[in-house]
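give me coordinates for this.
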Amino acid sequence: MAALSIENLFLSAVKLFLLEEHAISLSFTAEGIRIRFPTTRRLAEYLEVPHYYILPYFAMMEEQELVTRAERVGILTTKTGTDWIFKIMKEHYPTESSALLGDEIFQSIISLIPNNQSNKAPVHHS
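Down below sits the predicted model:
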């Protein structure tokens, strides 16, 4: 069973987008870019854990304002959550990210993310 953490859920979401589904749903709003996060069931399936193990982490992610639930839409990242996703993409999967989004779009979005060290993607993977 995979070790569960908010960081692992974000890393798993990126892996799902880039390596499994080869798709990412972006919404451009006045508040910034939002990403449709994988469902709790999809993440549980991917991580091979029971669905109910994932739910408390989504509650924590909402509490930390990394994601928000939108009725009839699903779970969307907030500005901070979007920054985390794109930092993971940049730091760990730049080639796959450019291939999926196109280099110009990927680099344009990356340029919008603050380069503050304290905002470094919270992911340590082996």
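
ok, then the element right after the element among helices and strands of the chain having the smallest mean pLDDT?
Of all helical and strand segments in the chain, the minimum by mean pLDDT, DSSP states H and E falls on strand 67-70, at a mean of 90. Once the chain leaves strand 67-70, the next helix or strand it forms, by DSSP states H and E, is strand 74-77.

quick one: average confidence on that next one?
Across strand 74-77, pLDDT averages out at 94.

next one: that strand to chain centre, how far?
10 Å (Cα atoms, centre = their mean, to the nearest Å).

outside of it itself, list whatever touches it.
Strand 74-77 is contacted from outside by 27, 34-40, 58, 66-70, 84-85, using Cβ atoms under 8 Å, 6 or more residues apart in numbering. (C-beta placed from N, C-alpha, C; glycine too.)

try it again with 7 Å
27, 34-37, 39, 66-70, 85 (Cβ atoms under 7 Å, 6 or more residues apart in numbering).

which one of these is nearest to Ser98?
Ile85 (14.9 Å; Cβ to Cβ).

how much space between the closest one and Leu66?
9 Å (Cβ to Cβ, to the nearest Å).

this structure: strands as residue ranges?
For the chain, the strands defined by DSSP state E occupy 26-29, 32-35, 67-70, 74-77.

could the C-alpha coordinates of the first one be exported in CSV?
Provided in CSV are the C-alpha atoms of strand 26-29 (Å, rounded to 0.1, in the frame of the first residue of the first chain):
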residue,chain,number,x,y,z
LEU,A,26,-7.5,23.5,-17.0
SER,A,27,-10.0,26.3,-16.4
PHE,A,28,-9.0,29.9,-16.8
THR,A,29,-10.8,32.2,-14.3
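
what helices or strands is that strand leaning on?
For strand 26-29, the packing partners by 3 or more Cβ pairs under 7 Å, 6 or more residues apart in numbering; DSSP states H and E come out as strand 32-35.

next, the buried residues of the strand it packs on.
33-35 (16 or more other Cβ atoms under 10 Å).

ok, now stretch 36-48?
Neighbour-count burial for stretch 36-48 [16+ other Cβ under 10 Å]: 36-38, 40, 42-44, 46-47.
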